[in-house]
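**Student:** here is a sequence with its predicted model. Questions after.
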Amino acid sequence: MGRFLPLLLALVAFPLCAAGDRDHPGFIGGEACKSCHAAEFEAWQGSHHDLAMQPATEKTVLGNFDNAEFSFNGVTTRFFRKDGEYYVRTDGEDGKLADFPVPYVFGVYPLQQYLLPLSRGRLQALSIAWDSRPASEGGQRWFHLYPDETIDHSDPLHWTGPYQNWNTRCAECHSTDLQKNYSAGDNSFDTRYFEVNVSCEACHGPGEQHRELAEAGKLAGSAHGGFPMDLAQRGEWAFPAGEAIARRQSPVAANTQIDTCGRCHARRGTLGEYHYGRSLADTHRLSLPHAPLYYHDGQIRDEVYVYGSFTQSKMHQAGVVCSNCHEPHSLKLRAEGNGVCAQCHKADTYDVPEHHHHPAGSSGAQCANCHMPETTYMVVDPRRDHSMRIPRPDLSVMLDTPNACTACHSDRDDEWALQALRGWGVNFSDTGTHPARAFAGAAAGDARAVPRLVELATDSGTATIWRAAALESLGQTGDRQAIGVARDLLASSDPLLRTSAVNALSALPLPQRFQLLRPLAGDEVTSVRLAVAEQLAPVPLDQLREADVEALRQLFGEYQRIAKQHADMPGNRMQLGIFLASRGDLPGAEAAYRGAIEMNPQLVPARLNLADLLRAQQRDEEAREQLQQALDIAPDNGPTLYALGLLETRAGNGEQALDYLGRAARLETTGTRQRYVYAVALHDLGQPQQAITELEKLLRQAPQNPDVLLALANYSAEQGKREAALRYARQLQATDPRNPAYGQLLRELEAR
């Protein structure tokens, strides 16, 4: 019985709070909505929102708990019932088999997970899930969510680890008015929710005022009917004369509906407490369509959900909102098959072989299969890409991005698909100028991408999320054009652009950065303020006016307060460590990094940051130990090898340094820094010709990289290769004709 006592006590942390509870002011519960909104309530019942999380009962448990067994990585897990309750016998935090009760089921289709309690108020999602698809489709079986991984109790992906924690990773989007209540001091939770599932108020916000207005007959004329915001944004659509695509009759006033859905249907991080009706950027930090989460053309790659792809789409720009396609209570499509698209795209123009070039009624004739291809996550869960793009095999040939043609015709290649489209008369005129080319070039360190990124970032007709992504990519190039573009967009009315503009100024000298960003320290949107806090963290407060000191103290205090609320994830602790290190709080930064590593010993970036912090304090042996441990975890990790190479260079171990730096250079696939530094090290350690050879190879990939050109000009001059040095110096000056140092170098070489 000793084993079960703490587990059963852990369930006390998850009560269903009564209406009017002080922790949930204004919430009244879905049942209170039923009498006036019967049709909506009925549509919601049985939906994925209704079934998002449920107590484990005979009715809700779909998996086989009749002493079923499943073996994975040498552990046999058994699913059984005892005294009418559901249990799982599996390996716990210590690797030993133990019996765990199942208080809740999670989700319903195409898979169902099971939540098991652990100490410190944690609920954990078991990594063995039930495939709830029909047996004819391969379902009705137990399966592991990471079938190709070797995972034991020491792995952070194990069901007992931080990445399977319900309180942090799942709860906000599977319950109503979730209060995480995380305590960083003892790494524990007292998590509460108002309703166990995603009920009416999860989307609409607290309904008490709405009910009071309704009972008093005062709904007419009230703002949003007493709710924090109005989610009804479908709008009126009509087909203009002679056109095959409908147009919205009045523009969408705001992103209220999309942002409300995006709270859960987006790849994002939570910032403090959720506020209904506020911009999504005020309550969450959104992931932009960058690699490795997305392909360079914006297609989904990792599990990024919907928001980031949909807001790229032409549909979004035309004013389409989620409820135009999905009934928001049942979550079903508005029509079957191509009918949902035919609401706005005339079927006699688009749902015909002349358009889709496939037999009518076939899989290839389905709009979604070409324009919203699926990617399967969690082994059995196919998700559609909501960017709703035209298949681009031309980009696939050049950038290895996927396309719907070869995803379906898996026995053919991208060149075949490209020729097939050309045979239909489809010829792409923007292959060389497509945004994907610019993003791929920037990632590879090619300065030729800069002009196109500038165009994207400044084009008001481009989707905002693409502009934001272009702006941040510009900032990472270090090009001076980025500063001008970012400076102008600091005043944008869109918080996503303001946030990205702040991030794009990281290469600007600190005094100039402070002058530009100081006014945004009080921005109304949280993600903007926190980006400002990160950029201004190194500012020495003792050199500022008192008014500025107070403003930054408040800002830094807010940053740390929010960071501690979410220090339940290793990555968040690492981010706090970076901020504290920038502030000069080295003990605090070290504690944050070590806390992240304790949560996830395999978090290589945290070890790299900790090693850098230790090295800055002349604690080289401790730094070397962290880097060696990182290398043991990931032997082919380029940044680790690079850091070890720099450490050995400073220690005077030239041969060892070159070995590490050379290995890092050979592994580098994005950016140019590791290959450039390797070439510099070759030069400095007595191999100048080999350095030139490495730099020339790098220049072929990044033809306008100023660092590479500058090194080649200098090293060639040292070797007596005047013509080569002049050629490189002229190329260098062409990258930035106004740079006086480049002009001076060219004049000196010409005078020799």
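**Tutor:** In hand now; what should we look at? Numbers count the residues shown, from 1 in each chain.
**Student:** count the neighbours of the closest residue to residue 342 other than its chain neighbours for me.
**Tutor:** In this structure, residue 342 finds its nearest non-sequential neighbour in residue 351, 6.2 Å apart by Cβ to Cβ, 6 or more residues apart in numbering. For glycine as for every other residue, the C-beta is placed from the backbone atoms N, C-alpha and C. Residue crowding around residue 351 was assessed by other Cβ atoms under 10 Å; the count is 19.
**Student:** and the closest residue to residue 672 other than its chain neighbours, what pLDDT?
**Tutor:** Closest residue to residue 672 apart from its sequence neighbours, by Cβ to Cβ, 6+ apart: residue 445 at 3.5 Å. For residue 445, the model assigns a pLDDT of 87.
**Student:** residues contacting residue 445?
**Tutor:** Contacts for residue 445 were tallied using Cβ atoms under 8 Å, 6 or more residues apart in numbering; they are 670-673, 701-702, 705.
**Student:** same deal with residue 350?
**Tutor:** Neighbour list for residue 350: 244, 341-342, 356, 367 [criterion: Cβ under 8 Å, 6+ apart].
**Student:** same thing but at 10 Å, please
**Tutor:** 244-245, 338, 341-342, 344, 356, 367 (Cβ atoms under 10 Å, 6 or more residues apart in numbering).
**Student:** how many other residues sit next to the nearest residue to residue 696 once chain neighbours are set aside?
**Tutor:** Leaving aside its chain neighbours, residue 696 sits nearest to residue 712 (7.0 Å; criterion: Cβ to Cβ, 6+ apart). The criterion is other Cβ under 10 Å. On that basis, residue 712 has 26 neighbouring residues.
**Student:** what kind of secondary structure is residue 712 in?
**Tutor:** helix (DSSP: H, G, I helix; E, B strand; the rest coil).
**Student:** what's the pLDDT at the nearest residue to residue 567 once chain neighbours are set aside?
**Tutor:** Nearest non-adjacent residue to residue 567, counting by Cβ to Cβ, 6+ apart: residue 184, 4.5 Å away. According to the prediction, residue 184 has pLDDT 92.
**Student:** got a list of what residue 184 touches?
**Tutor:** 563-568, 573, 576, 595.
**Student:** phi, psi of it?
**Tutor:** phi -70, psi -30 (degrees, to the nearest 10).
**Student:** next one: phi and psi at the spatially most central residue of the chain?
**Tutor:** Nearest to the mean C-alpha position of the chain, counting by Cα atoms, centre = their mean, stands residue 287 at 3.8 Å. Backbone torsions of residue 287, given as degrees, to the nearest 10, read phi -90, psi 130.
**Student:** you'd agree residue 77 is in a helix?
**Tutor:** No: under three-state DSSP, residue 77 sits outside any helix and is assigned strand.
**Student:** looking at the closest residue to it other than its chain neighbours now. What's its pLDDT?
**Tutor:** If you skip the residues right next to it in sequence, residue 77 has residue 90 as its closest partner in space, 4.1 Å away by Cβ to Cβ, 6+ apart. You'll see residue 90 listed with a pLDDT of 98.
**Student:** ok, now residue 158?
**Tutor:** Residue 158 carries a pLDDT value of 96.
**Student:** what does residue 79 give?
**Tutor:** We note a pLDDT of 98 for residue 79 in this prediction.
**Student:** tell me what it is bridged to.
**Tutor:** residue 68, residue 88 (DSSP bridges).
**Student:** return the residues in contact with it.
**Tutor:** Contacts of residue 79 by Cβ under 10 Å, 6+ apart are 61, 63-70, 86-90, 102, 114, 126, 128, 130, 142.
**Student:** if we can go back for a sec, filter the contacts of residue 445 to the buried ones?
**Tutor:** 672-673, 702, 705 (16 or more other Cβ atoms under 10 Å).
**Student:** which of those sits closest to residue 238?
**Tutor:** Checking the buried ones among the contacts of residue 445 against residue 238 with Cβ to Cβ, the nearest one is residue 702 at 50.2 Å.
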